[in-house]
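Undergrad: with the input below, show me the fold.
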Amino acid sequence: MKTLDFINAKLPPGGKVFSRSLSNLVFRSLNPYEIFQSEIRNACIESIELKDKEEFWRLWTLNFQRSILDYYQYPEKSFRSIAQQVSISNLRCLETLRTEGGLVLTYHFHHQNTLCCVLGLLGVTVWAVANRPESSQLYPYIGHWASKLNRLSQYHFCGGQYLYTDDLKSIARQVPQIFQNRSALVCLVDVHQPSPRSPVLQLYKRSIEPPVGVIESARRAKIPIHLVALMPDRSTIMRPSSQINYELWIEELTNFKDTASILRVYFDRLEQLLSRSPYLWQGWQWLGGLPRNNV
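TA: Have a look, this model is predicted:
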């Protein structure tokens, strides 16, 4: 990552296309996820039918790479035009997020930081629940970069910021105020964090117990709940030197009767999206470590 920092810092402003191409070459030999390749591929193969295993890994890596290349654009004035490169599935839901805020549930699709930036640039005040970089297995490789990513992406949050999970008491205090101020709280719950209140759900051939705290807080506050995913266009992630186009997919989840019902839809949609584009999800890395479902 320090090599990429050097490439993107030293080249002149007019050399952006060249810097992306050079960054692409660096990724081929220095991809930090290579050490997890077998876990990622095996979990995906166990779960869905892959027509081309090598193509899956190539696209998975390119998707990660694209997220890094976008990060280097965060400080640039030109990055503010990214909202023009996004097709929005539901404008009514987007307007609700602008005017009423609420809870935004999303997935580990590599582009969650850029998702927060896009929402902020579209006029949504964004707060985001996140793990500190120090908690990642990849911290020895990407620690300094991950800290910078959070700091630079936060500039585009339209007044919001990150809330880190190492201080849950602070999150519990701030979340009701965030909802009261009609801001949006972005949270990723496609992880296994068992608690006495977590429902046991099926995700492919595994059982998962996701965190429920923010969903329960949103339901108590009677605020809108949306499922939102930022997905890169496949044709443009295959050309790292090109401008990328995104789909901002938004679905309202407010009217479900309980937390478990919301989470069932959340994971059903994840499986639907991955049946089309399995390379999107970082979660293959940890899916294989979840308990097997006996059903």
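Undergrad: for the residue nearest the centre of the chain, give its distance to residue 256.
TA: Nearest to the mean C-alpha position of the chain, counting by CA atoms, centre = their mean, stands residue 112 at 2.6 Å. Distance, residue 112 to residue 256, using CB to CB, to the nearest Å: 23 Å. C-betas here are computed from N, CA, C, even on glycine.
Undergrad: quick one: pLDDT of the residue nearest to the centre of the chain?
TA: pLDDT for residue 112: 95.
Undergrad: tally of neighbours for the residue lying closest to it once chain neighbours are set aside?
TA: Nearest non-adjacent residue to residue 112, counting by CB to CB, 6 or more residues apart in numbering: residue 106, 5.9 Å away. Neighbour count for residue 106, taken as other CB atoms under 10 Å: 23.
Undergrad: ok, residue 271 next?
TA: Residues lying near residue 271 (other CB under 10 Å) number 13.
Undergrad: kindly report the same for residue 72.
TA: Residues near residue 72, counting by other CB under 10 Å: 20.
Undergrad: from residue 152, how far out is it?
TA: Where residue 152 is concerned, residue 72 sits at a distance of 9 Å (CB to CB).
Undergrad: gap between stretch 270-289 and the chain center?
TA: Stretch 270-289 sits 12 Å away from the centroid of its parent chain (CA atoms, centre = their mean, to the nearest Å).
Undergrad: cool, stretch 265-277 as well?
TA: With CA atoms, centre = their mean, you get 14 Å for stretch 265-277.
Undergrad: which residues does that stretch contact?
TA: Outside stretch 265-277, the residues that touch it by CB atoms under 8 Å, 6 or more residues apart in numbering are 47-48, 105, 107, 189-190, 201-204, 208, 210, 227, 229, 231, 234, 249, 251, 253, 256, 280-281.
Undergrad: narrow those residues to those that are buried.
TA: 47, 105, 107, 189-190, 201, 203-204, 208, 210, 227, 229, 231, 249, 251, 253, 256, 280-281 (16 or more other CB atoms under 10 Å).
Undergrad: where does this structure have low pLDDT?
TA: In the predicted model of the chain, residues 1-30, 133-145, 240-242, 295 satisfy pLDDT under 70.
Undergrad: helices of the stretch 51-200 of the chain, start to end?
TA: Assigned by DSSP state H, counting those that start in this stretch, the helices in the stretch 51-200 of the chain fall at 53-71, 91-100, 112-121, 139-153, 168-180.
Undergrad: return the most buried member of these.
TA: Of all the helices of the stretch 51-200 of the chain, helix 112-121 has the most neighbours on average by mean count of other CB atoms under 10 Å, namely a mean of 25.
Undergrad: no further queries at this time; thank you.
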